[in-house]
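# sequence plus the predicted model coming up.
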Amino acid sequence: MGKINGCLKCLFIFFNVIFAIIGCLLIFGVVKASIYSQQLSAVGAPGMAWVWVFAIGVIAISCLGIYAGSSERGLALKMFAGFMGVGMIIMLIFGIIVVVLRNKVRDNFRSASSDAVKQQMDQEEFRKMLEQIQQSAQCCGLVSPKDWGDDIPASCECKSSGSRSYGIFGSSGCSARPQGSRGPNQIYAETCSDFIITWTDFFFNIVMGFFFGFAVTALLGLLVSLLMVHQVKRHDQGGPTSMAMKGY
């Protein structure tokens, strides 16, 4: 018979396997999102290094939990409990940081000056990304259509037969292109800044829920691991006593 309750042990190992898989998925997501990290960091969003550290930490602690649960070693369980306590505090701190970063990115977009936008528009990757956003969200320019200078791209063209056109962001009115510029006669009146702010808020809300959810999970992991430590300790202390009684 093992030192730890069988159901508790299986449940503990199962959840650690799940979190190890989540860590692998996080690494996969970071690799996919790294192509946009430069553009996001330009408007105040954090880099991807902290996500790498978090993902690797999740995998490492999950592997420690799997080993601690399967081996039923008190020292490994105590180490896991310590990591859970520290992890809970870190997740709470990260959740608060994400709230601050969300407000910072939102303010940077809303207060973006024409000079700052012009510097970004000089980068080919940023221009391609903005064109993709314009096609899907039916908007034109980051702050205004004048961000494109004298050459308005075809992605700004408003093809609605009426006064409004509908896209994934909602409705967007049509307006004439700026005087002295080349391109479509009718362009989307809405700028892409509101669209980007909406989706960055959505992304940050998910991340906030992720961190605060991990904080709650870490608290539960701490409590369960402490219970398992107690069971191992009670088993080890009860062993010599039961053997001595057998001798009599």
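That came in fine, so what should we check first?
# where does the chain dip in pLDDT?
For the chain, the stretches flagged by pLDDT under 70 are 1-2, 34-48, 110, 112-116, 160-172, 238-248.
# got the phi/psi numbers for Q186?
In terms of degrees, to the nearest 10, the main-chain angles of Q186 are phi -110, psi 130.
# these two touch, right, it and C158?
Yes. Here Q186 reaches C158: they are 4.4 Å apart, a contact under Cβ atoms under 8 Å. Placement of C-beta: from N, CA and C, glycine included.
# for the residue nearest the centre of the chain, which non-adjacent residue is closest in space?
Centroid check for the chain by Cα atoms, centre = their mean gives V207 as the closest residue, at 4.2 Å. With Cβ to Cβ, 6 or more residues apart in numbering as the criterion, V207 has its nearest non-adjacent residue at 5.1 Å, and that residue is V98.
# what residues sit buried inside the helix or strand where the one you found lies?
Using DSSP states H and E, V98 sits in helix 74-110. By neighbour count on 16 or more other Cβ atoms under 10 Å, the buried set for helix 74-110 is 74, 76-81, 83-85, 87-88, 90-92, 94-95, 98-99, 101-102, 105-106, 109.
# the helix or strand containing L226 vs helix 74-110, what angle?
Secondary structure from DSSP H and E places L226 in helix 192-247. Using axes from the mean of the first three to the mean of the last three Cα atoms, to 10 degrees, the inter-axis angle of helix 192-247 relative to helix 74-110 is 170 degrees.
# my guess is A154 contacts R182. True?
No. Taking contacts as Cβ under 8 Å, A154 lies outside contact range of R182: 11.1 Å.
# related to what we said a few turns ago, shared neighbours, Q186 and C158?
Each of 174-175 lies in contact with both Q186 and C158 under the rule Cβ atoms under 8 Å, 6 or more residues apart in numbering.
# for those two, indicate the residue with more neighbours.
Using other Cβ atoms under 10 Å as the criterion, Q186 and C158 rank with C158 on top: 22 against 16.
# quick check: closest non-adjacent residue to the more buried one.
Once flanking residues are discounted, C158 sits nearest to C174: 3.7 Å by Cβ to Cβ, 6+ apart.
# can I assume that neighbour sits in a helix?
No. Residue state for C174 (DSSP: H, G, I helix; E, B strand; the rest coil) corresponds to strand; a helix is not indicated.
# from C139, how far off is it?
Applying Cβ to Cβ, to the nearest Å, the value for C174 to C139 is 12 Å.
# what is in contact with these two at once?
Residues touching both C174 and C139 (Cβ under 8 Å, 6+ apart): Y188.
# which of those two has more neighbours?
Neighbour tally, C174 and C139, criterion other Cβ under 10 Å: the higher count belongs to C139, 26 against 22.
# A strand includes the more buried one, no?
No. C139 is assigned coil when assessed by three-state DSSP, not a strand.
# do I have it right that it meets I187?
No. The pair C139 / I187 is not scored as a contact, 9.5 Å apart, by Cβ under 8 Å.
# for the residue nearest to V207, give its distance to Q237.
Distance from V98 to Q237, by Cβ to Cβ: 44 Å.
# and T191, what does it touch?
By Cβ under 8 Å, 6+ apart, the contact set of T191 is 139-145.
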